[in-house]
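Colleague: Generate a structure from the sequence data that follows.
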Amino acid sequence: MKENIHPPYKQIKVTCSCGNTFMTGSTLDRELHLEICSACHPFYTGQQKMVDTAGRVERFRKKYAKRRAANASPEDEKK
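Modeller: Okay, the predicted model is just below:
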């Protein structure tokens, strides 16, 4: 490996929204926050669980609502 070109590799704390925390190696300079980890993911737990995707849909709609309004033509408003 070349010297002084790679970021330092260190231990960081990873926190999941379910409350699970663990340490892992990374080049990040901050803690990492996850929505789903192996402790709460249905594949690993064997339990089916509803995942809240409404937040993602609402973020998408807010993000593109301005673009839709700007591109709306007068003909669209008449309908």
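Colleague: Please count neighbours and contacts with C-alpha atoms only from this point.
Modeller: Fine.
Colleague: Restrict stretch 29-38 to CA atoms and write it as CSV.
Modeller: The C-alpha coordinates for stretch 29-38 follow below in CSV (Å, rounded to 0.1, in the frame of the first residue of the first chain):
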residue,chain,number,x,y,z
ASP,A,29,-15.1,10.4,10.7
ARG,A,30,-18.5,10.1,12.4
GLU,A,31,-21.0,7.7,13.8
LEU,A,32,-23.2,5.8,11.4
HIS,A,33,-27.0,5.6,11.8
LEU,A,34,-29.0,2.9,10.1
GLU,A,35,-32.7,2.3,9.6
ILE,A,36,-32.5,-1.5,9.5
CYS,A,37,-29.8,-3.8,10.8
SER,A,38,-29.3,-7.6,11.1
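Colleague: Centre of the chain to it, how far?
Modeller: What separates the centre of stretch 29-38 from the centre of its chain is 9 Å, taken as C-alpha atoms, centre = their mean, to the nearest Å.
Colleague: mind listing what's buried in it?
Modeller: The neighbour-count check on stretch 29-38 (16 or more other C-alpha atoms under 10 Å) flags Cys37 as buried.
Colleague: Phi, psi for Ser17 please.
Modeller: Main-chain torsions, Ser17, degrees, to the nearest 10: phi -70, psi -20.
Colleague: Quick check: nearest residue in space to it, chain neighbours excluded?
Modeller: With sequence-adjacent residues excluded and distances taken as C-alpha to C-alpha, 6 or more residues apart in numbering, Ser17 is closest to Glu35, at 5.1 Å.
Colleague: got a list of what the one you found touches?
Modeller: For Glu35, the contacting residues are Cys16, Ser17, Cys18, by C-alpha atoms under 8 Å, 6 or more residues apart in numbering.
Colleague: how far away is it from Lys10?
Modeller: 22 Å (C-alpha to C-alpha, to the nearest Å).
Colleague: ditto for Phe43
Modeller: Distance of Phe43 to Lys10, given as C-alpha to C-alpha: 29 Å.
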